[in-house]
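K.L.:
Just the structure for this:
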Amino acid sequence: MRILFLSTQFYPTIGGIQTNSEYLIEHFIRNKNEVILMTKTKMTIAEKNIFNFEIYDKPSRKKINELHEWADIIYHNNITLSLSSLKLKHFKKTIVTSQYWLDKENTFRYLMQKLFLILSVQNVFISKCIKKDINLSGEIIPNFYNEKIFFSIKSSSKKQKEILFVGRMTDEKGVDILIKAVKKIEKNLSNGDVSIIGPGNELNAYKKLAKELKIFHLFNFLKKKNKELNKYYNSHKIHVVPSKKEPFGIVTLEGCAAGCIGILSNMYGLSEFDKRIFQFYNNNNHTELAKVIKKNMITPKIINNHIRKKYLSKYNLKTIGDKYLKTFTKIDKKNNV
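P.N.:
Sure, this is the predicted structure:
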């Protein structure tokens, strides 16, 4: 198949969609498909040459229409209106994965996005909560983690630190909830026992909060590349995902793959993870989070390695990538009857 892959963001931008797009495209190519990427991210020639597929960044309207004509399947990894041809004939081969909630604060944009999804031949949602919010029929295909990057490192001394957070420094990720929870259990922690990894606009605010609570010495605030993260997952016992609003949460799977005890807020996409594998606390409740963390520091709930690997197999790249190819093939065959 000839797949036109639309990704709002791509390299050198760092983010979940960029990483997700790169690995999915590689999987499609390995399975004998031809893929062209269109993105809104401006790229240099040298940056494009890193990849083994053709890339058009910020293409002209003429090129957008040409590529839509070329494709057997037009795939949006999250809806990308500005890169769409908007011709009705192209919707019969357009498949859209909704990674986030629609923008309801902007009425015009919301109506345009909703109409685009209604016209598309197939909708895919990364979680039940996204499907429920958008309120359209479609298939649920969760996001995947990269098992070649995230795995448990066999070492007797690997879990040297207590608590880890990985994610963007934004309010919705709930880092303030974690910092307040740490204050409740500070007597159980030593200097540098809590690592906060990720970029974002709220980083300085979170550092300030830790200083105001007189617990800054307990924290390491770090910025690490995706491929460096596995050693940090492996060096921490507990991985906390305190998001106030999360459509899915790939970091949840990454921590699990590295053998961390996963503690998650119980709202939105995070609540859909298996309660036999992960532990939960009431969203936005730092006191309850502190209790769950402390309990696991004293009596950790260790998941059997076989059970953990079996669970994670549902979320690896091959499993998820093959689901997409099955959907693409079904649509392509229908269009060629």
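K.L.:
what about stretch 311-321, distance to the chain center?
P.N.:
For stretch 311-321, the distance from its own C-alpha centre to the chain's C-alpha centre is 14 Å (CA atoms, centre = their mean, to the nearest Å).
K.L.:
Can you mark which positions in that stretch are buried?
P.N.:
Residues Tyr311, Leu312, Tyr315, Asn316, Leu317, Ile320, Gly321 are the ones in stretch 311-321 that count as buried (16 or more other CB atoms under 10 Å). C-beta here means a position set from N, CA and C on the backbone, and glycine is covered the same way.
K.L.:
Over to stretch 321-334?
P.N.:
Neighbour-count burial for stretch 321-334 [16+ other CB under 10 Å]: Gly321, Lys323, Tyr324, Leu325, Thr327, Phe328, Ile331.
K.L.:
Let me see the mean pLDDT of the helix or strand where the fourth one lies.
P.N.:
For Leu325, the enclosing helix or strand under DSSP states H and E is helix 317-335. With pLDDT averaged residue by residue, helix 317-335 scores 97.
K.L.:
That one packs against which elements?
P.N.:
Applying 3 or more CB pairs under 8 Å, 6 or more residues apart in numbering; DSSP states H and E, we find helix 317-335 packed against helix 16-30, strand 73-77, strand 94-98, strand 122-125.
K.L.:
quick one: which of those is nearest Val241?
P.N.:
Nearest to Val241 among the helices and strands packed on helix 317-335 is helix 16-30 (13.4 Å), distances taken as CB to CB.
K.L.:
Show me what the helix or strand following the closest one pairs with in its sheet, parallel or antiparallel.
P.N.:
Next in sequence after helix 16-30, counting helices and strands by DSSP H and E, comes strand 34-39. Within its sheet, and counting by DSSP bridges, strand 34-39 is paired with strand 2-7 (parallel), strand 54-57 (parallel).
K.L.:
Need the winner for burial among those strands.
P.N.:
With neighbours defined as mean count of other CB atoms under 10 Å, the strands paired with strand 34-39 peak in mean count at strand 2-7, which reaches a mean of 24.
K.L.:
Contacts for that strand, please.
P.N.:
Counting by CB atoms under 8 Å, 6 or more residues apart in numbering, the neighbours of strand 2-7 from elsewhere in the structure are 17-18, 21, 24-25, 28, 33-39, 67-68, 70-78, 80, 83-84, 328.
K.L.:
picking up where we left off before, and of the buried residues of stretch 311-321, the nearest to Phe150?
P.N.:
Checking those against Phe150 with CB to CB, the nearest one is Leu312 at 9.2 Å.
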